[in-house]
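# Next input, structure requested:
(3 chains)
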Amino acid sequence: MIPSEDLLRIAHWARLLPADEIERARRGVTLRTLSKGGYLCHRGDVLDAWTGVISGLLSLGSTTAGGKSATYAGLSPGMWFGEGTLLKNEPRRYEVIALRETRVAVMNRKTFDWLFENSVGFNHFLLRQFNERLGQFIALVEHDRTLDATARIARNLAWLLNPALTPSAGAHIEITQEELGLLSGLSRQAANRALKTLEEQCLIKLERSGVTVSDRGRLAAYGD
DNA sequence: GCATTAACACGTA
DNA sequence: TACGTGTTAATGC
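Now for the predicted structure:
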């Protein structure tokens, strides 16, 4: 259980809810810290919770039988995820790993179900989030085969800062080039080259342990 | 050709 | 000192 002020700070969707629903929500949320490399869940786990990233960075991906790992998306502060698994009541299909020490907020299933059944504001948020994710998925199947390293980095960066999913995030994100490489399936060196290319085109500004995006629209459409 | 790993130099927290 | 970054060299598909 966490105070209402904390919930409002870490969960932008809470602002869509009336006071009584915020009260209900905060009672079902606990905080947890994952250390670097730690698993939030493995593939096949039944994780009975909905999760929000407070600080740090998570990667969502899978590992093949051969031990090869693939990352599908980064989860940055402000993002909430896992609703698909909860609504379908099935095991997690992916694994979620902390790329660095990460604070998460965990909402238990009972609370999630109650909000889903009773809160109009909560459902508006879920629908909006589904819509945004569907848009990303469509873009992925449309262009994935032809994307080069620079475009993959550009897309991952744009996704991490999607204002519909992380309205609290500005144009700046704290992420190392190595972490961006992990998310994009590239080595640190290749990620560095791709980022330099994007910086030369004035789409981003590189900083130590961070990137500031100057033109998110062009970044998201890079390579199209 | 483009990506990967390994290695090293450099600046900063 | 440890870490993030920028670069180069050797190697693989």
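# okay, CA-based contacts and neighbour counts for the rest of this
Noted.
# so, in contact with DNA strand B or not, the least confident helix or strand in chain A by mean pLDDT?
For chain A, the helix or strand with the lowest mean confidence is strand A:69-75, at a mean of 81 (criterion: mean pLDDT, DSSP states H and E). No. Interface with DNA strand B: strand A:69-75 contributes nothing (C-alpha under 7 Å from any atom of the strand), its closest point being 11.3 Å away.
# Packing partners of that strand?
The elements that strand A:69-75 packs onto, with contact taken as 3 or more C-alpha pairs under 8 Å, 6 or more residues apart in numbering; DSSP states H and E, are strand A:58-63, helix A:149-160, helix A:177-184.
# Between helix A:177-184 and the second one, find me the angle.
When you say that, I think you mean helix A:149-160. Angle between the axes of helix A:149-160 and helix A:177-184 is 90 degrees (criterion: axes from the mean of the first three to the mean of the last three C-alpha atoms, to 10 degrees).
# Quick check: what element follows helix A:149-160 along the chain?
Next along the chain after helix A:149-160, taking DSSP states H and E as the criterion, comes strand A:172-173.
# which residues are contacting stretch A:49-65?
For stretch A:49-65, contacts defined as C-alpha atoms under 8 Å, 6 or more residues apart in numbering pick out A:10-11, A:43, A:69-83, A:86, A:94-109, A:112, A:183.
# Can I get that stretch as PDB, trimmed to CA atoms?
C-alpha atoms of stretch A:49-65 as PDB (Å, rounded to 0.1, in the frame of the first residue of the first chain):
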ATOM      1  CA  ALA A  49       0.200  -8.300 -11.100                       C
ATOM      2  CA  TRP A  50       0.200  -5.200 -13.300                       C
ATOM      3  CA  THR A  51       3.500  -3.300 -13.200                       C
ATOM      4  CA  GLY A  52       4.600   0.200 -13.600                       C
ATOM      5  CA  VAL A  53       8.200   1.400 -14.000                       C
ATOM      6  CA  ILE A  54       9.100   4.200 -11.500                       C
ATOM      7  CA  SER A  55      12.900   4.600 -12.300                       C
ATOM      8  CA  GLY A  56      15.500   2.600 -14.100                       C
ATOM      9  CA  LEU A  57      15.000   0.600 -17.300                       C
ATOM     10  CA  LEU A  58      13.500  -2.800 -18.100                       C
ATOM     11  CA  SER A  59      13.700  -4.900 -21.200                       C
ATOM     12  CA  LEU A  60      11.000  -7.200 -22.500                       C
ATOM     13  CA  GLY A  61      12.200 -10.100 -24.600                       C
ATOM     14  CA  SER A  62      12.600 -13.800 -24.800                       C
ATOM     15  CA  THR A  63      15.300 -16.400 -24.800                       C
ATOM     16  CA  THR A  64      15.300 -19.200 -27.400                       C
ATOM     17  CA  ALA A  65      16.100 -22.800 -26.500                       C
END
